[in-house]
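Participant: predicted structure and sequence below. I'll ask about it afterward.
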Amino acid sequence: MDTRKIAKEFRLAHWAQVIREKNQSGLSAKAFCEQIGICQKTYFYWQKRVREAACEKMLAQPQPEPVVVDNSTIPAGWAVCETAPAAADKTLPIEINGCRVLASADTDAELLAKTCKVLMSLC
């Protein structure tokens, strides 16, 4: 058991909560720090550390492979839209994370937006 690692994670979790509280308060950093009695420099120091830890965690996760469309590399998670074919049905093919959705003029815009949001979150 690595007590230093556990202590570091505990401090990061504590300060992440403090930063969330500041963001939810709607106060400036100066006003928030005065209200809870911490030094503004301490707040910004830990804000930087929490952000760095979040970036390290994100980079440590396996990244999905990019998609190749028409000899162009599209980063994974990006939506790929194509122009509608000249066919009579006038559909718009949308490809997100390898899933293809066909939309037409009759497609409910809210349903399409929700569908695209869900597909983009699957990366």
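Facilitator: That came in fine, so what should we check first?
Participant: CA atoms only for the helix ranked longest in the chain - export them in CSV, please.
Facilitator: When the chain is parsed with DSSP state H, its longest helix is helix 3-25. The C-alpha trace of helix 3-25 is given here as CSV (Å, rounded to 0.1, in the frame of the first residue of the first chain):
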residue,chain,number,x,y,z
THR,A,3,0.5,5.8,1.5
ARG,A,4,2.0,8.7,-0.4
LYS,A,5,-0.1,7.9,-3.5
ILE,A,6,-3.2,7.6,-1.3
ALA,A,7,-2.5,10.9,0.4
LYS,A,8,-2.0,12.6,-2.9
GLU,A,9,-5.3,11.3,-4.3
PHE,A,10,-7.0,12.4,-1.1
ARG,A,11,-5.7,16.0,-1.4
LEU,A,12,-6.5,16.1,-5.1
ALA,A,13,-10.1,14.9,-4.4
HIS,A,14,-10.4,17.5,-1.6
TRP,A,15,-9.3,20.4,-3.7
ALA,A,16,-11.3,19.2,-6.7
GLN,A,17,-14.4,19.5,-4.4
VAL,A,18,-13.3,23.0,-3.3
ILE,A,19,-12.9,24.1,-6.9
ARG,A,20,-16.4,22.7,-7.8
GLU,A,21,-17.8,24.6,-4.8
LYS,A,22,-16.1,27.8,-6.0
ASN,A,23,-17.5,27.3,-9.6
GLN,A,24,-21.0,26.6,-8.2
SER,A,25,-20.9,29.7,-5.9
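Participant: the domain parsing of this structure - what is it?
Facilitator: 3-60, 67-121 (automatic domain parsing).
Participant: follow-up on the earlier one: what about the longest helix of the chain, average pLDDT?
Facilitator: The pLDDT scores in helix 3-25 average 93.
Participant: and it, what does it pack onto?
Facilitator: Here helix 3-25 touches helix 29-36, helix 40-60, going by 3 or more Cβ pairs under 8 Å, 6 or more residues apart in numbering; DSSP states H and E. C-beta coordinates here come from the backbone N, C-alpha and C atoms, glycine included.
Participant: just send the domains of the chain back as CSV, with mean neighbour count too.
Facilitator: Shown next, in CSV, are those (neighbours: other Cβ atoms under 10 Å):
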stretch, mean neighbour count
domain 3-60, 12
domain 67-121, 12
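Participant: cheers, nothing more for now.
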